[in-house]
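Chemist: Just a sequence and a predicted model for now, questions to come.
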Amino acid sequence: MASRQSQAVIAKCSFCLKANTEVGTLVAGPGVFICDQCVALCSQVIAGKPASVPQVAPWEHEVTLEEVLGNLGPVAAASIQVDHSLAAWVTKARSLGATWAQIGDALGMTRQSAWERFSREE
């Protein structure tokens with residue numbers, strides 16, 4: 001059996017950006033991934049959350065410029081991973097016989113827009 005380090009990198013956690021080869025388990029969602037370490041951290045946060053915490057987007061909190069700039073790279077990396085995943089799913093849909101109109105409908109865009117964005121992936 002191959003060690004984790006000798007396995008191919010398939011994806012990275014959308015939260016901490018660790019590769020599947022660096023974590024015990026990487027759970028896939030629609031275009032996103034979360035590792036076992038981030039799930040454990042999330043469980044701790046949820047368990048300790050006060051009942052009256054307002055629900056706001058992370059960028060709505062009071063943060064410093066350094067914190068904002070520090071988040072730009074990881075957000076961009078997650079976006080790139082999502083774009084790659086989306087392109088792979090479109091390629092899979094095409095290989096299964098989906099038309100550009102069907103793909104456009106599924107993505108909420110026109111057939112032409114879907115073709116322009118993804119046809120070079122074929």
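Modeler: Received, thanks.
Chemist: quick check: domain ranges of this protein?
Modeler: 1-50, 63-122 (automatic domain parsing).
Chemist: can you tell me which of these the model trusts least?
Modeler: The weakest mean pLDDT among these belongs to domain 1-50, with a mean of 87.
Chemist: which of the residues in stretch 63-79 are buried?
Modeler: For stretch 63-79, burial by neighbour count (16 or more other Cβ atoms under 10 Å) applies to A78. In short, each C-beta sits where N, CA and C put it, glycine included.
Chemist: ok so, going back, the domains of the chain: which one's closest to V56?
Modeler: Closest of these to V56 is domain 63-122, at 11.6 Å (criterion: Cβ to Cβ).
Chemist: Quick check: the residue nearest to the spatial centre of the chain vs S6, distance?
Modeler: Nearest residue to the geometric centre of the chain (Cα atoms, centre = their mean): V32, 2.8 Å. Look at V32 and S6: by Cβ to Cβ, to the nearest Å, they are 25 Å apart.
Chemist: What of Q37?
Modeler: Separation of Q37 from S6 (Cβ to Cβ): 21 Å.
Chemist: Give me the more crowded residue out of these two.
Modeler: Q37 (17 against 8; other Cβ atoms under 10 Å).
Chemist: Helix or strand: which one has that one?
Modeler: helix 36-47 (DSSP states H and E).
Chemist: Go through this structure and flag its longest helix.
Modeler: Ranked by residue count and defined by DSSP state H, the top helix of the chain is helix 65-95.
Chemist: Cool, thanks, signing off.
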